[in-house]
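Enquirer: have a look at this prediction, sequence included:
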There are 2 protein chains.
Amino acid sequence: MTRPVYLDCDTGVDDSMALAYLLASPEIELVGIGGVHGNVSAAQGVQNTLRLLALAERTDIPVAVGANDPLVGEFAGGAPHVHGANGIGNIEIAETGAGPIDEDAAELLLRLAREHEGALEIIAVGPLTNLALALERDPELPGRVAQVTVMGGAALVPGNITPVAEANIAHDPEAAQAVVTASWPVTLVPLDTTLANVLDEADRERLCAAEAPIARAVGAALDYYFDFYVAEYGRRCSALHDPLAAAIAVGGMLPRTAPAVPVEVDVTDGPGRGQTVCDLRGQRLGPVDREGATVRVVLETEGALAPHMMERLLALRAPDAEANVA
Amino acid sequence: MTRPVYLDCDTGVDDSMALAYLLASPEIELVGIGGVHGNVSAAQGVQNTLRLLALAERTDIPVAVGANDPLVGEFAGGAPHVHGANGIGNIEIAETGAGPIDEDAAELLLRLAREHEGALEIIAVGPLTNLALALERDPELPGRVAQVTVMGGAALVPGNITPVAEANIAHDPEAAQAVVTASWPVTLVPLDTTLANVLDEADRERLCAAEAPIARAVGAALDYYFDFYVAEYGRRCSALHDPLAAAIAVGGMLPRTAPAVPVEVDVTDGPGRGQTVCDLRGQRLGPVDREGATVRVVLETEGALAPHMMERLLALRAPDAEANVA
């Protein structure tokens, strides 16, 4: 039996790749997707999600609009310099007839957790506002969820939006604090490891020539995203933030160094706001799980993500081809 | 001409080694020493300093008592589990007739800066309260100081007193913020590099058999200190926090990776309190100095400190021997 997964995202370029990867992963079944502010507005992200799903002929998956603002403050306009004005590298994907469901994302998550009691897995690759709202509405939620995997934070590397804060967490620190302190097992996939996993131009070109339209769309969207990373890596390529969280959640990638340690999100207004303060003291001799810690921080993975990611995305069939085969 | 140095310390075991090293360094001349709360009370630290100087027959160097409390809050009792109850590993050094001077440490620093206008170098290996008080009393101080070297902070490694804060900074974050934002050139020597420089048991035993009484005292004091570091390194040894800052200040050790970047100390009451927030973004391709940044953060040194440290401490002559030669 495949494992039911709720995906929460701010679809973005790397979110798009994570989505394509999850559609290509037989271990899990996407039973619902929530959209949240972040790389783009919640509405724009949901539009991107719906169009990508249409490319894959997977409009059967319910998509819900979620929070467009963090718990404190307001949506600040996203990251058009990273993801393009439309969030998917300014590529055009035809509009689809399908729209979001009537439930908001937190309601969808709560309903799915009841329907898949104890089995539902959450993958969150945007700010954690929807998850925090769901926790607020039903504090019993953690007991119905098998695991939560979050792309977010920076443990022992610089942040990407402040010297110490990563964008997903910094865009809603209060929500992130609620999620990392709730009584569910959280796997945090921070910049420490996502920045160490890179996709290069040769792979991007193979994606552009892939059979599945969604894989080709991801390849095209990466074109804009690659430019942003020249300042970081000195060449056109991209970090694999959201795809790595997705792959770790699915089990396609295994953590190598991933101690369970106390984690707290800085919700002050100081220079540390949005930092994931992970207590990684005493780990010099090797990873040590700290008693009672519910958050596992992935500092290193077994092997590189790119080959695994490429294998899955290139194995995706065009929907028509599948129809013909059937 | 030797360079005049004011040392500010909370004498401690590793402070003792830094002091012995500075006495052994022909490049500089210790023109004054201030004591501050930290590893021990300010008064206890000054007692330790005076007795170590007596061992070296260098009671000509003026020693001043400084702040026993941070700018905000109170001295919390120091770190007897690290440095022993008396701060020098519970070894006994005979009391000396010499006492501290009448000036407090900030006054001594201000006077020395006037006497050595533009040439005075500051080495601070404890909390930065005395320096902050001096800045408060005379905002013109930075213009009279050639350079400030601080042992403190943690940039991309865990803290040693909270998950993100190092003890010297965390014991007076407000003072540290004043020091890193003043208009003098600061070299920050954080845990990133001090924890990478270790002294082992074989070297400690050589110190215990050294000619100079102060070198033997340092070797003896390290015995207690070595026990503390077993949890960190898995063996009896010690990090070389204060000695590394001293060696970098003198020029005996050269920084390899040490970009000048914006640095801010977290003075909130959140989980980041006392963190040195160093903006190390954009340094993946190699160290890049940021325009206008006055704080250089030493992330890596050329070579290891221990051999250089041993060479200098073992070259120290017993005061009597020197007298006989003369």
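Expert: Received, thanks.

Enquirer: tell me the buried residues in stretch A:167-186?
Expert: A:167-180, A:182, A:184-186 (16 or more other Cβ atoms under 10 Å in any protein chain shown). The way it works is simple: take the backbone N, C-alpha and C, and place the C-beta from them, glycine included.

Enquirer: could you do stretch A:266-278 as well?
Expert: A:266-268, A:270-278.

Enquirer: so the residue of the stretch 1-150 of chain A found nearest chain B is in which element?
Expert: Per Cβ to the nearest Cβ, residue A:82 is where the stretch 1-150 of chain A lies closest to chain B, at 13.9 Å. Element membership for residue A:82, per DSSP states H and E: helix A:80-83.

Enquirer: find me the pLDDT at residue A:95, would you?
Expert: We have a pLDDT of 87 for residue A:95.

Enquirer: which strand or helix spans it?
Expert: Applying DSSP H and E, one finds residue A:95 in no helix or strand.

Enquirer: picking up where we left off before, can you add distance to residue B:135 and give the buried residues of stretch A:266-278 back as CSV?
Expert: Converted to CSV, the buried residues of stretch A:266-278 look like this (distance: Cβ to Cβ, whole Å):
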residue, distance to residue B:135
A:266, 27
A:267, 31
A:268, 25
A:270, 21
A:271, 20
A:272, 24
A:273, 27
A:274, 30
A:275, 28
A:276, 33
A:277, 29
A:278, 34
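
Enquirer: turn the residues you listed into a markdown table, including distance to chain B.
Expert: Shown next, in a markdown table, are these (distance: Cβ to the nearest Cβ, whole Å):
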| residue | distance to chain B |
| --- | --- |
| A:266 | 5 |
| A:267 | 7 |
| A:268 | 4 |
| A:270 | 4 |
| A:271 | 4 |
| A:272 | 3 |
| A:273 | 8 |
| A:274 | 10 |
| A:275 | 6 |
| A:276 | 10 |
| A:277 | 4 |
| A:278 | 6 |
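
Enquirer: could you find the closest non-adjacent residue to residue A:267?
Expert: Spatial nearest neighbour of residue A:267, chain neighbours left out: residue A:173 (4.7 Å); criterion: Cβ to Cβ, 6 or more residues apart in numbering or on different chains.

Enquirer: for residue A:233, what are its contacts?
Expert: A:198, B:284-285 (Cβ atoms under 8 Å, 6 or more residues apart in numbering or on different chains).

Enquirer: so which of those residues comes closest to residue B:78?
Expert: residue B:284 (38.9 Å; Cβ to Cβ).

Enquirer: part of a helix, is the closest one?
Expert: No: checked against DSSP: H, G, I helix; E, B strand; the rest coil, residue B:284 lies outside a helix; its state is coil.

Enquirer: that one against residue A:229, yeah?
Expert: No: Residue B:284 lies out of contact with residue A:229 (Cβ atoms under 8 Å); the separation is 10.2 Å.

Enquirer: count of residues packed around residue A:314?
Expert: 16 (other Cβ atoms under 10 Å in any protein chain shown).

Enquirer: please disregard the earlier target; I meant residue A:42.
Expert: 28.

Enquirer: what does residue A:25 give?
Expert: For residue A:25, using other Cβ under 10 Å, the count is 20.

Enquirer: test my guess that residue A:272 contacts residue B:274.
Expert: No: here residue A:272 does not reach residue B:274: they are 10.3 Å apart, not a contact under Cβ under 8 Å.

Enquirer: now for the two: what residues contact both?
Expert: B:164, B:266.

Enquirer: just give the nearest non-adjacent residue to residue A:117, would you?
Expert: Nearest to residue A:117 is residue A:144, by Cβ to Cβ, 6+ apart, at 5.2 Å.

Enquirer: wouldn't the one you found be in contact with residue A:121 here?
Expert: No: counting by Cβ under 8 Å, residue A:144 does not reach residue A:121; the two are 11.2 Å apart.

Enquirer: pull the CA atoms of stretch A:218-225 into PDB?
Expert: Output in PDB follows, covering the C-alpha atoms of stretch A:218-225 (Å, rounded to 0.1, in the frame of the first residue of the first chain):
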ATOM      1  CA  VAL A 218      10.600  21.800 -14.700                       C
ATOM      2  CA  GLY A 219      13.700  21.900 -17.000                       C
ATOM      3  CA  ALA A 220      12.400  25.100 -18.700                       C
ATOM      4  CA  ALA A 221      11.600  26.700 -15.300                       C
ATOM      5  CA  LEU A 222      15.100  26.000 -14.000                       C
ATOM      6  CA  ASP A 223      16.600  28.200 -16.700                       C
ATOM      7  CA  TYR A 224      15.700  31.300 -14.800                       C
ATOM      8  CA  TYR A 225      16.500  29.800 -11.400                       C
END
